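>>> pasting the structure only:
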């Protein structure tokens, strides 16, 4: 956890250095260690991941909360196009999981569009079971692998 | 290393001596019978050239690995002075327990090599088969495989499968940034080479019927969805097959090589399309709101088996190759995936996922007579040897401590009795067995 | 929903009767407007679509299972029926050689006709073997194998006493695989060529059933009508089956 925060702080510093014109945003709440409107802000304070049940692509209530926060944030910071990556755990076959990942990415995309994010801002891509994170072979790891990741560009 | 199709393996000419006698008990094997014993066979180093010992080694390895033969160790041979062109001392070979004896010789013939071999039925005391080949010296491995195929056919009555190649996905590096590239090797692991450069993930290679091309799925470098590529194996020239807005994947050639069937995803729906390889005309074959994928043509090209979750879980369905007439054929417990139609047309092999883990099985083409051949933590993606009697698939061990579990190719015969690991230079998945290499 | 909760909590402070009245008003006002608002909410619409999709998927799966089970039962029934018929016929004939189904014993068979010529003998024995093998395959559910077997039998033994049976079972191999077109042809052939064979009535009955499955109800009804004409002495079981089929297909 500490390493993540440290990483976020460094990322925020880099971001500030790169976009010094965004100064009014950089002056926001002192409670966070990251620049509001930054990639780190999105990951840490909004949450870039939505998780799914086995073999399902229905957005769960916890996922809705995350996506609601994402929608709000994306409406505020309109300069980012996003790519939603769909992923699966390793307990399925390769080809089917590619399609399942696509279905998961599409589910989040539809939800964000319904929340008012323009479809043109959203791309989707599936990685099936090819990019596990974390790389374990137990229930805990599989639950974290059945995910969508919203990546800012 | 490339095998030019113009190079000659001058056709099989049977040696006249001892016309192919009808099969006698010990040197034949009925692999469909339960509890058959592997046929004990002695293979003597071929005489006449240094490569003769290598040829014999490849033949021993092929036959031993089939599970149907037991190669007798040369160190136990009694007769050490076998003349390849004369009858052996049968008593000596019966003495070491051999049912069959393979002898041969290599001769230089104007830049080419000429290889003769004979299979002696030791029990009966006469020649069972014999052939002669001419080829470039660099083709000696292929000659050895072709001889092993001839022996296999004579003894089992089934076509051989040793003169074939396997395309697969070579996997290296940590799971977080794993390199997955397409490789091709001979069926026995020799002549391994890489077909894609590994800069992006490439998966699910499949051979064209002539072996000159492969189709596979790969991620483009610009983070756009994966697409299907058609690549010439020798020249390396590759082209995009179809340009669909969504992801295209799970390609497979029709038996005549004129079409490729594949899955296209858009808006959460995945359907099956057929694409004309030359004219590039494309046609939609399924239209469901579900995931329809892993299509595979029947051996005669008239039907397609695929898996779909339209009924809630992944199951196997068959439809006409032109689309339509879809009907479900799998009704057992669990999820069914990656169906592949046997080149003989008698079975469909599949991956099955159930509470206890993964399995590789076969069923008749109407869905009856299901039999499991292999199982494990994760086994997936069966592919048929061209004789329809052996399958290859991949076996993955659990990851632990952030490290990837090993992923290896495995081979199993259709009775499920004999499984062995297929050696590969790296971790390997997604095997695709080629048809017999055109001679 | 949040607004609704707020109004409720303010209502708590008043007397029960007034509370109830106000609650009713609140519900009357809030529910329709909330529902109307919901209907326009894209998330709500997406949800409804997802739910419908899931329901359809579930029903598709159940339907497939039911069709499968139904087919299994049908096949089982037909096997049982064939078995009953075989037993009945055996009983009717007082334990004599069954006319309906195999296996005919080679020795009883050989006793009846005059000793065949040496050339014909192996072919007759071969014919029985061929028929029995094909029937065994049928029982094992190897329909393609049984098809080949019965075809081979018929080709070499078109005048055999079991030819009518073979033709009927050939039709059954198609019917079991839901290849109704070929089943129809086979049963029709069986009726035409082997009208007087013990399996003649079964051929005709099954021809009608197949026509009905193919959606050709008028033809099916015509066949069932023909049945009563051609086979007035059919077994009760067969007559009952025809009557059932006539009713099922609404034949006049």
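Cool, got the structure. Here the structure is a predicted model, which means the values were calculated and not measured.

>>> Please count neighbours and contacts with C-alpha atoms only from this point.
OK.

>>> burial count for the one residue in chain C that gets nearest to chain B?
Nearest residue of chain C to chain B: residue C:61, at 3.6 Å (CA to the nearest CA). Look at residue C:61: counted by other CA atoms under 10 Å in any protein chain shown, it has 19 neighbours.

>>> which residues of chain A score low on pLDDT?
A:1-32 (pLDDT under 70).

>>> who in it is up against chain B?
Neighbours of chain B within chain A, by CA under 8 Å from any CA of the partner chain: A:91-93, A:95-96, A:99-100, A:102-107, A:124-126, A:131-137.

>>> returning to that earlier point: in contact with the residue of chain C closest to chain B, which residues are there?
Each residue near residue C:61 by CA atoms under 8 Å, 6 or more residues apart in numbering or on different chains is listed here: B:310-313.

>>> can you check residue B:438 too?
Residue B:438 makes contacts with residue B:210, as judged by CA under 8 Å, 6+ apart.

>>> for residue B:373, same thing?
Contacts for residue B:373 (CA under 8 Å, 6+ apart) come out as B:359-362, B:412, B:414-417.

>>> Any stretches of chain C with poor pLDDT?
In the predicted model of chain C, residues C:1-39, C:93-125 satisfy pLDDT under 70.

>>> Could you verify that the residue of chain C closest to chain B is part of a helix?
Yes: with DSSP: H, G, I helix; E, B strand; the rest coil as the criterion, residue C:61 is part of a helix.

>>> Pull out the buried positions in stretch A:76-90.
By neighbour count with 16 or more other CA atoms under 10 Å in any protein chain shown, stretch A:76-90 contains the buried residues A:80, A:82-90.

>>> any chance of those residues in TSV, with secondary structure too?
Compiled in TSV, these are given as follows (three-state DSSP):
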residue	secondary structure
A:80	coil
A:82	strand
A:83	strand
A:84	strand
A:85	strand
A:86	strand
A:87	strand
A:88	coil
A:89	coil
A:90	coil
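
>>> And chain B, what are its domain boundaries?
Per the record, chain B has its domains at B:13-156, B:165-433, by automatic domain parsing.

>>> Average pLDDT for the first one, rounded please.
Mean pLDDT, computed over domain B:13-156, is 85.

>>> And for the strand or helix carrying residue C:189, what's in contact with it?
For residue C:189, the host element (DSSP states H and E) is helix C:180-193. Residues from elsewhere that reach helix C:180-193 (CA under 8 Å, 6+ apart): C:164, C:167-168, C:170-175, C:200-201, C:203-204, C:206-207, C:210-211, C:213-214.

>>> what about residue B:262, how many neighbours?
By other CA under 10 Å, the burial measure for residue B:262, its neighbour count, is 25.

>>> I'd say it and residue B:294 touch.
Yes: between residue B:262 and residue B:294 a contact is recorded at 7.4 Å, counting by CA atoms under 8 Å.

>>> residues near residue 130, how many?
Picked chain A for this. By other CA under 10 Å, the residues close to residue A:130 number 21.

>>> wrong one, I was asking about chain C
A count of neighbours around residue C:130, defined by other CA under 10 Å, yields 20.

>>> What residues does residue B:85 make contact with?
If a contact means CA under 8 Å, 6+ apart, then residue B:85 has residue B:104 as its contacts.

>>> Residue A:144 too?
If you count contacts by CA under 8 Å, 6+ apart, residue A:144 has them with A:51, A:133-134.

>>> List the ones among those residues that fall in strands.
Of the positions in the contacts of residue A:144, residue A:51 sit in strands, assigned by DSSP state E.

>>> top of the contacts of residue A:144 by neighbour count?
Highest neighbour count within the contacts of residue A:144, by other CA under 10 Å: residue A:51, with 24 neighbours.

>>> beta partners for the closest residue to residue B:119 other than its chain neighbours?
Using CA to CA, 6 or more residues apart in numbering or on different chains and skipping residues adjacent in sequence, the residue nearest residue B:119 is residue B:102, 4.6 Å away. Beta bridges link residue B:102 to residue B:43, residue B:119, judged by DSSP bridges.

>>> List the residues that contact residue B:102.
By CA under 8 Å, 6+ apart, the residues touching residue B:102 are B:41-44, B:117-120.

>>> go with 10 Å
B:41-46, B:56, B:59-60, B:84, B:117-122, B:127-130, B:147-148, B:151 (CA atoms under 10 Å, 6 or more residues apart in numbering or on different chains).

>>> one step back: out of the contacts of residue B:373, which is nearest to residue B:159?
Of all those, residue B:159 sits closest to residue B:414, with 14.2 Å by CA to CA.

>>> Count the neighbours of residue B:345 for me.
If you count neighbours by other CA under 10 Å, residue B:345 ends up with 13.

>>> Does it belong to a helix, a strand or coil?
Following three-state DSSP, we place residue B:345 in the coil state.

>>> With respect to burial, which of the domains of chain B scores highest?
domain B:165-433 (a mean of 20; mean count of other CA atoms under 10 Å in any protein chain shown).

>>> gap between it and the chain center?
13 Å (CA atoms, centre = their mean, to the nearest Å).

>>> what pLDDT, on average, does that domain get?
Per-region confidence: domain B:165-433 scores 94 on mean pLDDT.

>>> In helices, which of the residues of chain A next to chain B fall?
Among the residues of chain A next to chain B, the residues falling in helices (DSSP state H) are A:95-96, A:99-100, A:102-107.

>>> If we check chain C, which of the residues you listed are in contact?
When these are checked against chain C using CA under 10 Å from any CA of the partner chain, the ones in range are residue A:107.

>>> residues touching the residue sitting nearest the centre point of chain A, list them.
Most central in chain A under CA atoms, centre = their mean is residue A:48, positioned 2.2 Å from the mean C-alpha point. By CA under 10 Å, 6+ apart, residue A:48 lies in contact with A:39-40, A:42, A:66-67, A:69-70, A:84, A:147-152.

>>> Who are the contact partners of the residue in chain A positioned nearest to chain B?
Across chain A, the shortest distance to chain B (CA to the nearest CA) belongs to residue A:103, at 3.9 Å. Each residue near residue A:103 by CA under 10 Å, 6+ apart is listed here: A:56-58, A:86-87, A:97, A:109, A:124-126, B:265-270, B:290-291.
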